[in-house]
Each structure stands twice: as structure tokens, then as C-alpha cells.
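Trainee: Sequence first, predicted coordinates after that:
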Amino acid sequence: RSAIRAWRIGRVLLRYRLDDLLDGTPAERWLKLARPFVPRASAEIAAMSRGARLRLVLQELGPIFVKFGQILSTRHDLLPAAWVAEFAKLQDDVAAAPWEGIRDVLREELGADPEHVFAQFDPVPLAAASIGQAYAATLHDGTEVVVKVRRPGVVAQVHEDLDILRNLADRADRRWDAIRQYDLPGLVEEFSRTLRAELDYLQEARNAERFAQEFAHAARVRIPRVHGETTTSRVLTLERMSGVRIDDLEGLDAAGIDRKALAAKGVRVFYTQVFRDNFFHADMHPGNIFVDTRNPAMPGYLAVDFGIVGTLTDYDKRYLAINFLAFFNRDYRRVAELHVESGWIPEGTSVEAFEGAIRTICEPIWQRPLKDISFGFFLLRLFQVARRFNYQVQPQLVLLQKTLLQVEGLGRQLYDELDLWKTAKPILEQWMRDRLSPQALAQQEEPVRHARQLQVLLGLGTRDAAVEEGQVRRGVWHRPWASRNLRVHRG
């Protein structure tokens, strides 16, 4: 079966004149033999860019390859901009699996036909995606729910396609020096982890329950309740919530929503997930975020689809906080030192050279108004330049950077004057102040050094104290981070 699938992939590559991607592999010989018998794409398609033809290949190979392309479309730090733009056009739009197969899954998982388990069950799907399909249903107590059902046979298809992707990535990585810098095997493994998480609906249920617990006392943030009695690894039953899609600006305006307040609240919710909860929703595209418009003066957020989440360690959060604050103080030396200290840049790397490279990509950002500066874009450019210094990719931070760009994009779509720094600063400062508590410091491996670094960032310490610890250069850190007197230094 895998051989048949591999042949189909080779045939599609031939048709779109991309078979050279397999040069130097065992497939090269049989592809050359097959070339006369495979119809080639039209001259119009042949004239398209390589990235555009690769997008068409992914589309033709099916949902799993489309999903891989979608993940690639978020990796601005790794792939050429032209490829990213093409992959961003991919849509997870697949034909619905036949109802008979879905019905069999429900019967196997829930022990009875859906019309017995539920008071009502609409066999016409609300949505169909590569992993599963969603249906409207009603419980016997009258509660309206959404039932997600994993597509029959999708697990075997995922494993088969992942094996082929791994093989192609490994061979390409060995074959071409130019491609090696993109770490294709690493990308496939990242994709594999994401797919495995999305395949297990019990894990998604646990994610949803954790979000509900974290935001149990939050005003105007709603997470759908999980109905555990009708939830398994292949079936997920969630409370059905109604709202306006976050990108439906006309609908929000018609409801009288204060979009400025809504945008700021969304950024605060995300930074709270990151710095307070160590757990964030990592698939925040417009189809997963809705607005509760019942109280226009205090609109709430409704989140769905918890298959992809991110977690951060305390060290990750410290890395982010120091980087963001150093960036806004234009202290590129501290950014460079932080990466070397972390071990994510090889030992012996010239801090001066790394600092100069960071300065080169960051200084143009400051040509924009302060309100237009993006943390996500800063991290993107930082990861791009760090790769030139053999940066060890941190998947959790790449996931955060991708999600941060999504959040910032949605926020500025709601209100184009949104000042991200003003909105996020209180959360960053509060997290650092919490880290200075005796209880928090007692858990640090180097509490004195850790405390003095954070004190300097908050404007509570002195430059001399920091210098004594050998962590911050004399004259670099000032006091713009004191909460009562924030000033961004521009030179």
C-alpha cells in the first residue's frame, strides 16, 4: 500500500515538473522510466513558480499534505517568503466522509446508534476537515452540543503519509546543502507531533477542561463544557456556543461591539495564558475564535478547537520577558548574551557578531510608529538571524511566535491603532515582580543572579549591582521599566 502511495506522489511530482526533488534518491531511476507515460502539466502551469507548483502538488495529494503545507505557511523563519505566500493559500477544505462510516464510528465508540445516544443528531456535518467532522446534536436533557467525529481510516492514512514525508525529508536533507538549512526532518517531526495531538480527542477534551479551569473566574471568557459521557478518543462532545466570528467586522459593528476594547482584551487574554498559565491556545485563526455579543458593552470571547496547544517553562517565559524588554530598550547586546547563555547558540559564538546581526534586523523595526511594532515580528526576525549562527530551534517558542502573529493580526484587524506594548507591559511586569517573591526565588538555581537581572529590568536595582554579577554591561540598562515612569529609549 505504501508503495502504491509513493508511486502516486511520484506521478504527481512528474506531472507538475518537480520530479527533480527526488534526484539522488532510489526513486529517481523509476521516475525517469515513467516520465514518458505521465502527462505533463500544461505550459501555463509549467510557467508558474516552483512554490506555486509545489502548492498544487500538496493540494492534489490530499488532506494530510495540505495540512503539512499549512504548517509550513507559518514558518517564515525557515522558508523563502515566496513559498510561504503560496502555502498560505492552502485551505483545509475536504469532502465530507460518508455518513455510514461516521455512524459506524459513533456506534463503536458510544455503544449505540446516535439516535439512541442523543435526542437529536443531524447527519449533515457542520464542517468537514482532514482529521474529523463536526455535527449538531441535542442531548436528552435538551442541551445543544457539537459532536466531533474522527474520520474513518484517518489514523492509518496519517501514519502512511508521515512515513513517506519523513523519507522524503531525510533524503532531501542529505541530498542538498541548500535545503539542509531548512531542517526538513525537524519540520516533519513538528508536523507529526501536531497531528498526533489532533488525532486524540481525549487529549483535546483535557485541554478544553484545563482552559475552562484557568478561566473559570475570568470575566467574559467562555470555554465550551466537555460532555465526558459521550467523549472518547474518536468522539468529542462539546457544549454548543453561538457568537460572531472574530473577523466578521460588519457583524460586530451591527451588534454595537466596542472593537478597541475587544482587541485589547484579546491580547491580555493571550499573554495571561502564556505568563500566568504556562498553557496557550496555539491555533487562533478566525474560525476558532468567536465573540459573545449578548452584552455589547462587555463583549466576551468564545474559543473552540483545542487540539493544538503550547506550553512554556519558566525559563522560556524569562527568555521572552527579557528579550521583549531588552528589545524595547534597544539593548541588542543583552539579547545576544541571553541566547549564548541559554546554550541555544553554539559555545564560542562571537557575542559581538551576533549583537551586530540582531541590530541590523531590529533597527529598521524602530522606523515604524510604536503602535505598529509587533512582538511576533520581532521574534520572527530574531529566529531568522539566529539560524545564521546555528541556533538550536525551540519548537515551543516557534509555536508561540506563530500564535503571537495570529493574535496580533486579529487584534489589529479589530482596531488598527492597537498599541501592543501598552497592552502587554503590565502582564510582563507583574510576572517579573512575582518572580521576585521569596517563594519564587527559593526555587531558582541561582536566586541572587536571577533576582538582580529582574530587578534591573523593572528599574528596582542598580546598574552596579548587575555588573557585579557579570550579567549586564555597565551603562546599558536604565530605568524605563519602572511601572510609574515608562519611557522607550530610541537612541
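Mentor: Yep, it's here. This one's a predicted model, so the numbers in the text were calculated from it and none came from an experiment. Numbering: from 1, shown residues only.
Trainee: so how far is Tyr315 from Gly251?
Mentor: 42 Å (CB to CB, to the nearest Å). To be clear about C-beta, it is placed using only N, CA and C from the backbone, and glycine gets the same treatment.
Trainee: Give me the more crowded residue out of these two.
Mentor: Per other CB atoms under 10 Å, whichever of Gly251 and Tyr315 has more neighbours is Gly251, with 15 against 9.
Trainee: what sits against that one?
Mentor: Val244, Arg245, Thr293 (CB atoms under 8 Å, 6 or more residues apart in numbering).
Trainee: For it, give its distance to Val244.
Mentor: 4 Å.
Trainee: which residues do these two both contact?
Mentor: Common neighbours of Gly251 and Val244 (CB under 8 Å, 6+ apart) are Thr293.
Trainee: show me where the stretch 351-491 of the chain has helices.
Mentor: 351-362, 375-387, 395-414, 420-435, 438-442, 447-458, 463-468 (DSSP state H, counting those that start in this stretch).
Trainee: pLDDT below threshold where in the stretch 51-200 of the chain?
Mentor: Scanning the stretch 51-200 of the chain for pLDDT under 70 picks out 76-78, 91-93, 176-182.
Trainee: mind listing the helices for it?
Mentor: Along the stretch 51-200 of the chain, the stretches classed as helices by DSSP H, counting those that start in this stretch are 63-72, 81-87, 99-110, 114-117, 154-175, 177-180, 184-199.
Trainee: got the contact list for the last one?
Mentor: If I follow you right, that is helix 184-199. Under CB under 8 Å, 6+ apart, the answer for helix 184-199 is 64, 67-68, 71-72, 75, 78, 131, 150, 154-155, 158, 162, 165-166, 168-170, 172-173, 203-204, 307-309, 393, 395, 398.
Trainee: So which of the helices of the stretch 351-491 of the chain is nearest Phe280?
Mentor: Phe280 lies closest, by CB to CB, to one member of the helices of the stretch 351-491 of the chain: helix 395-414, at 6.5 Å.
Trainee: Now do the strand or helix carrying His339: distance to the chain's middle.
Mentor: His339 is part of helix 332-342 when elements are defined by DSSP states H and E. Put simply, helix 332-342 sits 24 Å off its chain's centre (CA atoms, centre = their mean, to the nearest Å).
Trainee: Same check on stretch 303-311?
Mentor: 9 Å.
Trainee: residues in contact with Trp83?
Mentor: Contacts of Trp83 by CB under 8 Å, 6+ apart are Arg50, Gly51, Leu54, Leu72.
Trainee: what's the nearest residue to the last one if we skip its chain neighbours?
Mentor: When the adjacent residues along the chain are set aside, Leu72 lies closest to Phe87, with 4.9 Å between them (CB to CB, 6 or more residues apart in numbering).
Trainee: ok, the one you found - how many residues close by?
Mentor: Phe87: 22 neighbours (other CB under 10 Å).
Trainee: Then Ala119?
Mentor: Count around Ala119 with other CB under 10 Å applied: 13.
Trainee: and it, backbone torsions?
Mentor: Main-chain dihedrals, Ala119, degrees, to the nearest 10: phi -70, psi -40.
Trainee: give the contact list for it.
Mentor: Contacts of Ala119 by CB under 8 Å, 6+ apart are Thr138, Leu139, His140, Gly142.
Trainee: Please report the distance of it from Gly228.
Mentor: Taking CB to CB, one finds Ala119 at 18 Å from Gly228.
Trainee: Equivalent analysis for Arg8, please.
Mentor: Using CB to CB, we find Arg8 at a distance of 40 Å from Gly228.
Trainee: same deal with Gln394?
Mentor: Note on Gln394: its distance to Gly228, by CB to CB, is 34 Å.
Trainee: who's more crowded, the two?
Mentor: Gln394 (16 against 12).
Trainee: so that one touches Trp344, yeah?
Mentor: Yes: contact criterion CB atoms under 8 Å: Gln394 and Trp344 qualify, at 6.6 Å.
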